[in-house]
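Visitor: following is a predicted model, sequence given first.
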Amino acid sequence: MSLIAELQRRKVFKVGVAYLVGAWLAVQAASIGFPAFDAPPWALRIFILVAFLGFPMALLFAWVFDVTPEGVKLDAGPRGSKAIVAVAVSFVLLAFLWYFKGQPAYRDDSVPAPTASAASGQAPAAPPVAEPVRGPIDEKSIAVLPFADMSPGKDQEYFSDGMAEEILNTLVQVKELRVAGRTSSFQYKGRNESLRSIGEALGVAHVLEGSVRQQGNKVRITAQLVRTADDTHLWSQAYDGDLSDVFELQEKIARAITDQLKVVLQGEQKTRLVPVATSSPEAYLLYLQATAIFDRRDEARYDDAIAELQEAIRLDPKFARAHARLASINVVIVNRAEVDLESTHALVVKHANAASALDPTLAEPYAALGFSEGKFPGRRIAERQALERALELGPDDVTTNFWFGLSLVKCGYLERGTALIDRALSLDPMLPNALRWRGNLYLDAGDLDRAEQVLKRSRDAGLWVADRSLSELARARGDHASAIRLFTNALRFPGLPPDARGVIAAGSFGDVEARGRAVAILQAYLAAPRTYVMGLTPLLLARLDEPGLAIAVARQRLTSDNTDFLVLLWGPQGRALRALPEFPAFLRDFGFVALWDQYGAPDVCRKQGAGDYVCP
């Protein structure tokens, strides 16, 4: 008898069809009934899985057993029946084991894993994962992963990222809750990491993941809270609304999280967690688009971000956060060539003041104002006061801690500045520029192993300028070839001849002939009429054993951003500069003396009676 005929005789086809129809009806009923009884999200998935695994079992029993007037009996059949039974059983067991092998837990498919950029259609290169946080993990801690863009056109990534970031920023304000920083959480975008490993890496007990679907004016945000230790889903919910409802949707999600984690809310947070930032949905979308550019430090699109924020402010002149973000972008834009510092600073002041007047609780405008003041000689006290106010308003704000820490370091307060940079990294362990500066401080302290660790993390996170610091590490270890190569790669200096980078790098690392040529190149650059010079100029001159010329350029020429040079002053490489007879006058010109008189002497200097500071 043929196999087909045997299957028909044993009614296997009939049983299979009947089973599929019954299973389909059961799944439809379960999809309606489970939510009605508040069943957890994974319950329906388990039900479907059992129905799937039951199909081969039904076929198996139809083959082996037969219904007779005397009851259910084993069908003897051909001798191959036992073999077929064994194969069928093996199939079921293998299918069951295969499914669970790769599953960290029962995951809710209504919240898909974060997707890659819609623009490329491909997953981005995997960024480095933050090092695991050691020690006990606080149960009231969370990381907010970037939400997946589920919009029909897959072109609303800025919106899905923005929703996750807005919820993250709201949770940061909750005193009892520890929240992983944005940079560290968003590094997992497009990755297929288990939530348990993410929790271990970021030192958090919970993860929030979700998706956003925007179509026209309609928005659906789906979110779920997962305990990382065992991948238990604590809560999952989908919220629907219009663009005008986004703050209410964020409020519901944030409040659900604080309820689940049993966080005690204080003050106004008892009634409201997410403030209504603007009454204009269009202005809010423009703000999110500009914020995406700012977060990526996408210099080529800074002008687009400025235009978007200006339009947002036109649509809603009372949009405080748009003013604050416009101030921040004007702070970082000065790193580009040919930007007028005075006019850009005037914009920072204008929008920072407008933001603070509209919302005095915002830390961002004060942080932007302070960091912008620090780009000018003689404004050290104004810089310090603005950053102190920012830290008062946002003690857990990553950018404020980092910018204030870096400001303190460049003013000679190495110990306290390092502590604030460490604080920023405790909040956001993968903040690239903070990693780079922490590596520089390790280098100055002679801790080469730790310097290498954090500098490589900075570079792997996409900060190309970290190669400049790694070049110093290579020199400290005697690898001059690598030092020159790394320094050449990291030198960005518009206005110099094509071969200047290699010459300056070689001259900086001991090539006497190249050093002379490099100094000549920089002197020719300085001789050309310019409103300001690149902030790297005094730094490079100091590295080329021209400390006197370096100090003269810093005192007499307006530079774009000389933070690297000012930090250099207080480390081992700054001794030659500190020994110059004109150094005390430089300290007065740059406002250091006035700052130190008000706040106390820095780590490496002491005041000589009523006179100048001595910095050996």
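Guide: Perfect, I can see it now.
Visitor: who's in contact with stretch 164-180?
Guide: By Cβ atoms under 8 Å, 6 or more residues apart in numbering, the surrounding residues in contact with stretch 164-180 are 138, 140-147, 182, 185-186, 202-204, 208, 210, 250, 253-254, 257-258, 261, 263-266, 269, 273-274, 291, 295, 396-397, 427-429. The C-beta positions use only the backbone N, C-alpha and C, and glycine is treated the same way.
Visitor: report the buried members of these.
Guide: In the contacts of stretch 164-180, burial by neighbour count holds for 140-147, 182, 185-186, 202-204, 208, 210, 250, 253-254, 257-258, 261, 263, 265, 269, 273-274, 291, 396-397, 427-429, counting by 16 or more other Cβ atoms under 10 Å.
Visitor: residue 289: how many residues sit nearby?
Guide: 19 (other Cβ atoms under 10 Å).
Visitor: can you tell me the element it falls in?
Guide: Using DSSP states H and E, residue 289 maps to helix 281-296.
Visitor: least trustworthy helix or strand in the chain by mean pLDDT?
Guide: Using mean pLDDT, DSSP states H and E, the weakest-scoring helix or strand in the chain turns out to be helix 81-101, at a mean of 46.
Visitor: could you point out the helix or strand that follows it?
Guide: strand 141-144.
Visitor: what are the contacting residues of that next one?
Guide: So strand 141-144 is contacted by 164-165, 167-168, 171, 177-180, 184-185, 198-199, 202-208, 225, 257, 261 (Cβ under 8 Å, 6+ apart).
Visitor: of these, which belong to strands?
Guide: 178, 179, 206, 207, 208, 225 (DSSP state E).
Visitor: just the closest of those to residue 159, please.
Guide: residue 208 (16.9 Å; Cβ to Cβ).
Visitor: so where is the stretch 1-150 of the chain shaky, pLDDT-wise?
Guide: 1-13, 15-17, 21, 23-52, 54-55, 58-135 (pLDDT under 70).
Visitor: nope, the chain is what I meant
Guide: 1-13, 15-17, 21, 23-52, 54-55, 58-135, 334-339.
Visitor: any idea how far residue 189 is from the residue nearest to the spatial centre of it?
Guide: Centroid-nearest residue in the chain, with Cα atoms, centre = their mean: residue 183, separated by 1.3 Å. Note on residue 183: its distance to residue 189, by Cβ to Cβ, to the nearest Å, is 11 Å.
Visitor: ok, now residue 178?
Guide: 21 Å.
Visitor: domain map for this structure?
Guide: 3-101, 141-276, 278-385 (automatic domain parsing).
Visitor: stretch 213-224: end-to-end distance?
Guide: By Cα to Cα, to the nearest Å, the extent of stretch 213-224 from end to end equals 15 Å.
Visitor: in that stretch, which residues are buried?
Guide: 213, 214, 219, 220, 221, 222, 223, 224.
Visitor: please name the residues that touch the third one.
Guide: Contacts for residue 219 (Cβ under 8 Å, 6+ apart) come out as 212, 213, 240, 241, 242, 243, 245, 246, 249.
Visitor: tell me the secondary structure for the first one?
Guide: Okay, so that is residue 212. strand (DSSP: H, G, I helix; E, B strand; the rest coil).
Visitor: can you tell me how far it is from residue 220?
Guide: Applying Cβ to Cβ to residue 212 and residue 220 gives a distance of 7 Å.
Visitor: which residues do these two both contact?
Guide: In contact with both residue 212 and residue 220: residue 150, using Cβ under 8 Å, 6+ apart.
Visitor: follow-up on the earlier one: next SSE after the helix holding residue 289?
Guide: Note on helix 281-296: by DSSP H and E, the next helix or strand toward the C-terminus is helix 302-315.
Visitor: helix or strand: which one has residue 19?
Guide: Assigned by DSSP H and E, residue 19 belongs to helix 12-36.
Visitor: wait, I meant residue 237
Guide: strand 232-242.
Visitor: can I get the ones in strands among the contacts of strand 141-144 in CSV with distance to residue 565?
Guide: Formatted as CSV, these follow (distance: Cβ to Cβ, whole Å):
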residue, distance to residue 565
178, 36
179, 35
206, 44
207, 42
208, 42
225, 47
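Visitor: farthest pair in those?
Guide: Pairwise over those, using Cβ to Cβ, the maximum falls at 178 and 225, 15.0 Å.
Visitor: any idea how far stretch 457-468 is from the chain center?
Guide: Relative to its chain's centre, stretch 457-468 lies at 15 Å (Cα atoms, centre = their mean, to the nearest Å).
Visitor: leaving out sequence neighbours, find the closest residue to residue 567.
Guide: Spatially, and ignoring its direct neighbours in sequence, residue 567 is nearest to residue 410 (4.9 Å; Cβ to Cβ, 6 or more residues apart in numbering).
Visitor: which residues does that neighbour contact?
Guide: 374, 417, 563, 566, 567, 570.
Visitor: give me the element the fifth one is part of.
Guide: Here residue 567 is covered by helix 563-569, with elements defined by DSSP H and E.
Visitor: residues in contact with that helix: which ones?
Guide: With Cβ under 8 Å, 6+ apart, helix 563-569 has contacts from 374, 406, 409-412, 437, 440, 535-536, 538-539, 542, 550, 554, 559, 574, 577-578, 590.
Visitor: 6 Å instead?
Guide: 409, 410, 538, 539, 574, 577 (Cβ atoms under 6 Å, 6 or more residues apart in numbering).
Visitor: could you pull out the strands for the stretch 501-616 of the chain?
Guide: 606-607, 613-614 (DSSP state E, counting those that start in this stretch).
Visitor: in its sheet, what does the last one sit against?
Guide: Meaning strand 613-614. Its sheet considered, strand 613-614 pairs with strand 606-607 (antiparallel) by DSSP bridges.
Visitor: any idea how far the partner strand is from the chain center?
Guide: 41 Å.
Visitor: and what of stretch 381-394?
Guide: Its chain's C-alpha centre lies 24 Å from the corresponding centre of stretch 381-394 when counted by Cα atoms, centre = their mean.
Visitor: please save the CA atoms from that stretch in PDB.
Guide: This file holds the C-alpha atoms of stretch 381-394, laid out as PDB (Å, rounded to 0.1, in the frame of the first residue of the first chain):
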ATOM      1  CA  ILE A 381      33.900  84.000  36.900                       C
ATOM      2  CA  ALA A 382      30.800  84.400  34.600                       C
ATOM      3  CA  GLU A 383      31.500  80.900  33.300                       C
ATOM      4  CA  ARG A 384      31.700  79.400  36.800                       C
ATOM      5  CA  GLN A 385      28.600  81.100  38.100                       C
ATOM      6  CA  ALA A 386      26.400  79.900  35.100                       C
ATOM      7  CA  LEU A 387      27.700  76.300  35.400                       C
ATOM      8  CA  GLU A 388      27.100  76.300  39.200                       C
ATOM      9  CA  ARG A 389      23.600  77.400  38.600                       C
ATOM     10  CA  ALA A 390      23.100  74.700  36.000                       C
ATOM     11  CA  LEU A 391      24.400  72.000  38.400                       C
ATOM     12  CA  GLU A 392      22.000  73.300  41.100                       C
ATOM     13  CA  LEU A 393      19.000  72.900  38.700                       C
ATOM     14  CA  GLY A 394      20.200  69.600  37.200                       C
END
